[in-house]
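[1] Next come a sequence and a model predicted from it.
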Amino acid sequence: MQKVYLPYGRTRMSVEIDERNLVGVFESPIPQAAIDPIAEVENALDNPIGSLPLEELARGKKSVLIIASDHTRPVPSKILMPAMLKRLRKFNPEIDVTILIATGCHRETSRAELVDKFGETIVDSEKILVHDSRNESMYHYLGKLPSGGNLIVNRLAIETDLLISEGFIEPHFFAGFSGGRKSVLPGVAAKETVLANHCAEFINSPFARTGNLKHNPIHEDMLFAAKKANLAFIVNVVINGEKKIVKAFAGDAEKAHSAGCEFLKSCCGVAIPEVDIVITSNGGYPLDQNVYQCVKGMTAGEAVCREKGVIILCAACNDGHGGEAFYKTLSQSDSPRKLLESISSVPRNQTKVDQWQYQILARILDKFQVIMVTNDCPHEMIRDMKMSVVANLDEALKLAYSMVGSDARVAVIPDGVSVIVEKK
């Protein structure tokens, strides 16, 4: 028997698997964390890609808006934000700084979560606002996206003299990679714009997949939005499974992000043979706070699990389902197949809230059996969403064997959101 561990909330869970079943434990071969993460970030700021240094961009400006990720992203802001603030004020100590939390269509980030993200000093001393995608009084229209949707963003991003952002780059299940341009769309965009970008047609595109930017219609809209909003400079990092900085990238919003994506793509691809059971996670806290976010981890299993096989996902989901529309649509649907059929007929400009997330989950549930492993949220809620649920991984594996046979081939992907999975 081999014992394997998977992230779960702020801790981890374990399971013992018979060697005759275990095909392998597949982890992203991301390099070790930087010895000095602060020095790594400072080095990136000293050597910006395709841009003047941040302190030079800030020279002579009256205001700067820093777009920062929200509570659902493990961005090491306690390192990034002080470094950025120092550079901004190096030659311009009087510059008016505003930090705007990019919630997209997520719920508002709480003060406690802001303190956890930035530390009390920054929360108490800096001007921090939280984006609300439904607040029409904050809207600014910037024209049409390449897809035809209206590009509407938070007016604070347009009214500032200098727009910059911090974030991290990881594989993303339909945008290709996170980071960079995502700070604007969906980060600080209006709900209408996010819905148009996340439409059924784009989610169905074979190019809207993990690790791919080429011909990806979702990425193309996002990149256009960032350029129209004049996102001038980014500081993005690649992190490992322990949420430690591996490498930092700073500079031009497109060029620095592209360099980060190429770096990540070169070191996080894993080839896995087709199996009957995939055991994975959403990388632990903060990415596994709700079922909504956990769809990302499931897509790693989707890439290599055989049809009608089992995907086991270990996640705390202590924040519940993560979206009322997401939950209600799945729980009230007759079946994943019928839900997919109804979504396919929804026009781009009529995309509903959370549609993209329940579309992808329905796609997975239509082909695979999903077992959620959690002891931090109501099991009835998970069952309502057409999934099985148990409290530990041993019980999950036992249930999976009963579904596909005791001789099933099992692959373990400890962190499903940190890998770009390819089928051997």
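    Received it, and whenever you're ready, just let me know what you need.
[2] Tell me who's in contact with D132.
    Taking Cβ atoms under 8 Å, 6 or more residues apart in numbering as the criterion, D132 is in contact with T103, E108, M138. All C-beta atoms are positioned from the backbone trio N, CA, C, and that covers glycine.
[3] How many neighbouring residues does the nearest residue to V373 once chain neighbours are set aside have?
    The shortest distance from V373 to any non-neighbouring residue, by Cβ to Cβ, 6 or more residues apart in numbering, is to C314 (4.4 Å). C314 has 30 neighbours, counted by other Cβ atoms under 10 Å.
[4] partner residues bridging C314?
    S281, V373 (DSSP bridges).
[5] Surely it touches L6?
    Yes: contact criterion Cβ atoms under 8 Å: C314 and L6 qualify, at 4.7 Å.
[6] Overlap in contacts, those two.
    Counting by Cβ under 8 Å, 6+ apart, the residues touching both C314 and L6 are M13, I279, T280, S281, L393.
[7] ok, now how distant is the last one from D221?
    For L393, the distance to D221 under the criterion Cβ to Cβ, to the nearest Å works out to 38 Å.
[8] So if I had to pick from these two, which one is more boxed in?
    Neighbours were counted for L393 and for D221 using other Cβ under 10 Å; D221 has more, 27 against 24.
[9] Could you pull up the residues touching that one?
    Contact analysis of D221 by Cβ under 8 Å, 6+ apart lists L145, P146, S147, G149, L185, A196, N197, F202.
[10] next one: T109
    Applying Cβ under 8 Å, 6+ apart, we find T109 in contact with D70, H71, I101, T103, K117, V130.
[11] Could you say which helix or strand holds the closest residue to H71 other than its chain neighbours?
    Of all residues not flanking H71 in the chain, E113 sits nearest, at 4.0 Å (Cβ to Cβ, 6+ apart). Using DSSP states H and E, the element containing E113 is helix 111-118.
[12] what's the spacing between the helix or strand just after that helix and its chain's center?
    Following helix 111-118 in sequence order, the next helix or strand is helix 120-125 (DSSP H and E). Mean C-alpha position of helix 120-125 versus that of the full chain (Cα atoms, centre = their mean, to the nearest Å) differs by 26 Å.
[13] Next: stretch 149-160.
    22 Å.
[14] so T193 makes contact with G148?
    No: contact criterion Cβ under 8 Å: T193 and G148 do not qualify, at 11.5 Å.
[15] which of those two has more neighbours?
    Between T193 and G148, T193 has the larger neighbour count (other Cβ under 10 Å), namely 25 against 11.
[16] Now for that one: which residues touch it?
    T193 is in contact with L145, G149, N150, L151, I152, V153, L185, P186, A225, counting by Cβ under 8 Å, 6+ apart.
[17] Need the nearest residue in space to the second one, chain neighbours excluded.
    Excluding its sequence neighbours, the residue lying closest to G149 (Cβ to Cβ, 6+ apart) is A196, at 2.7 Å.
[18] Can you tell me the element that neighbour falls in?
    Element membership for A196, per DSSP H and E: helix 191-197.
[19] Please export the C-alpha coordinates of that helix as CSV.
    In CSV, the C-alpha atoms belonging to helix 191-197 read as follows (Å, rounded to 0.1, in the frame of the first residue of the first chain):
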residue,chain,number,x,y,z
LYS,A,191,-21.3,41.9,-14.6
GLU,A,192,-22.6,42.4,-18.1
THR,A,193,-19.1,42.2,-19.5
VAL,A,194,-18.1,39.2,-17.5
LEU,A,195,-21.2,37.3,-18.7
ALA,A,196,-20.6,38.1,-22.3
ASN,A,197,-17.0,36.9,-22.1
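[20] quick revisit: switch the contacts of T109 over to CSV; also include secondary structure.
    Shown next, in CSV, are the contacts of T109 (DSSP: H, G, I helix; E, B strand; the rest coil):
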residue, secondary structure
D70, coil
H71, coil
I101, strand
T103, coil
K117, helix
V130, strand
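[21] Save those as JSON lines, and put in distance to R59, neighbour count and pLDDT too.
    Formatted as JSON lines, the contacts of T109 follow (distance: Cβ to Cβ, whole Å; neighbours: other Cβ atoms under 10 Å; pLDDT from 0 to 100):
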{"residue": "D70", "distance to R59": "30", "neighbour count": "21", "pLDDT": "90"}
{"residue": "H71", "distance to R59": "33", "neighbour count": "21", "pLDDT": "89"}
{"residue": "I101", "distance to R59": "26", "neighbour count": "24", "pLDDT": "96"}
{"residue": "T103", "distance to R59": "31", "neighbour count": "20", "pLDDT": "93"}
{"residue": "K117", "distance to R59": "28", "neighbour count": "24", "pLDDT": "94"}
{"residue": "V130", "distance to R59": "29", "neighbour count": "20", "pLDDT": "95"}
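[22] Which of those sits closest to A248?
    When those are ranked by distance to A248 (Cβ to Cβ), K117 comes first, at 17.5 Å.
[23] from the contacts of T193, which has minimum pLDDT?
    Lowest in pLDDT among the contacts of T193 is G149, which has 90.
[24] pretty sure that residue is touching R348, no?
    Yes: between G149 and R348 there is a contact under Cβ under 8 Å: 6.7 Å.
[25] Regarding E254, which helix or strand does it belong to?
    Taking DSSP H and E as the criterion, E254 maps to helix 253-267.
[26] Against which helices or strands is that helix packed?
    Helices and strands touching helix 253-267, by 3 or more Cβ pairs under 8 Å, 6 or more residues apart in numbering; DSSP states H and E, are strand 176-177, helix 217-228, strand 231-239, strand 245-251.
[27] what does that helix contact?
    Applying Cβ under 8 Å, 6+ apart, the set of residues contacting helix 253-267 is 28-31, 48-51, 165, 169-171, 176-177, 179-181, 211, 213, 223, 226-227, 231-234, 236-238, 247, 249-250, 420.
[28] That helix: how far from the chain's middle?
    Between the centre of helix 253-267 and the centre of its chain there are 16 Å (Cα atoms, centre = their mean).
[29] cool, and stretch 366-373?
    From the chain centre to the centre of stretch 366-373 is a distance of 21 Å (Cα atoms, centre = their mean).
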